[in-house]
Each structure stands twice: as C-alpha cells, then as structure tokens.
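>>> no sequence on this one, just coordinates:
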C-alpha cells in the first residue's frame, strides 16, 4: 500500500513538472517570436502580459475590439465620407488614408490581417495585444507598401458602456 502511494506521488510530481515545463516552453516561444519590439520597448511589466491567459470574457472583449479594427481597416471610402457617428478611437490610424506614402504611390485600398494574442481587463481599463500585417495596393492591385507581423499593444477603456481603444503602442 505504501509503495502505491510513493509511486502515485512520484507520478504526480512528474505530471506537475511536465505542466510547468510546457508553460515555460510556451512563454519562451512567444517571447522568441516577438523579440523586437520587446520588453525594452514596452517595459518589462507590460511585455510580461503577452503570455497572459485571458478568460473567456476578456477574449470576448478582445475579439469585439479586433472586429472594430477590421471594419476600420476594410473601409474603402474617402476620409470625408467616414461615418462620424461611430467613434473608433485610436483605431482611426488604421484607415488606409491615414497611412501617408510618397505622392507617386496612391493607395487605393489596403489589406490587413489582425490576430489577437491576449486581452487583459481590470474593471474599466485594459490592454489588448495583437499582431497584424498590412498590405497597401494601388488601383492595379500592385503592392506598393506593407508591413508584416507588427506587434501592437492597444490600451482600452470602457467609455459610455463600450470598449474603446485609447492608445496604440508599436514600433514604427
């Protein structure tokens, strides 16, 4: 009987060690993927959030904000025709016309892909970590500019019952 307890304890220790090793490896892989910008750019405390396992509710908030960013990025109208009733906060930087390029490169549209990394919310404030790729195209659909795998930190606040991106931090 005593032998079974010892074997059970050893098995549990191996299992716990395996779980800790997997968590360490997962954190290491995320840190390796986003070497720059890293904790030197964002600050050690903020950058540590990149490995935060968000709750289902936090993931819902992050996905809602991501959907808003996708709508902004997909907007193909002119600056004067943008719906002024929809406040997109700091996400307005992702409107294609806010990306200034040399005059010879006239951007007609852009393609953007966003991926949610994590979302951390405390009461009415929080952070959303995303990575995105942007491709700017001319009227002939030629690629004229782009950026790939941009790590971005979005500061969010709940304003009038709705989550809004108030600050975007990313290396430019």
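Yep, that arrived. Note that the structure is predicted; figures quoted are calculated from it, not measured. Numbering: from 1, shown residues only.

>>> Residue 94 versus the residue nearest the centre of the chain, what's the distance?
What sits nearest the mean C-alpha location of the chain, by Cα atoms, centre = their mean, is residue 130, with 0.9 Å. Here residue 130 is placed at a distance of 11 Å from residue 94 (Cβ to Cβ, to the nearest Å). C-betas here are computed from N, CA, C, even on glycine.

>>> what do these two both touch?
Shared contacts of residue 130 and residue 94 (Cβ atoms under 8 Å, 6 or more residues apart in numbering): residue 69.

>>> Now do the helices in this protein.
For the chain, the helices defined by DSSP state H occupy 2-33, 39-42, 44-48, 56-74.

>>> For residue 170, which of the ones you listed is the nearest?
Proximity to residue 170 (Cβ to Cβ) singles out helix 39-42 among the helices of the chain, at 8.7 Å.

>>> Could you list the buried residues of the closest one?
Going by neighbour count (16 or more other Cβ atoms under 10 Å), the buried part of helix 39-42 is residue 42.

>>> what is the mean pLDDT for that helix?
Helix 39-42 carries an average pLDDT of 84.

>>> So what touches that helix?
By Cβ under 8 Å, 6+ apart, helix 39-42 touches 46-48, 153, 169, 171.

>>> tell me the contacts of the residue nearest to the centre of the chain?
66, 69, 114-117, 151-152, 154.

>>> Redo the helices of the chain as CSV? Include distance to residue 144.
Output for the helices of the chain, formatted as CSV (distance: least, Cβ to Cβ, whole Å):
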stretch, distance to residue 144
helix 2-33, 27
helix 39-42, 27
helix 44-48, 32
helix 56-74, 16
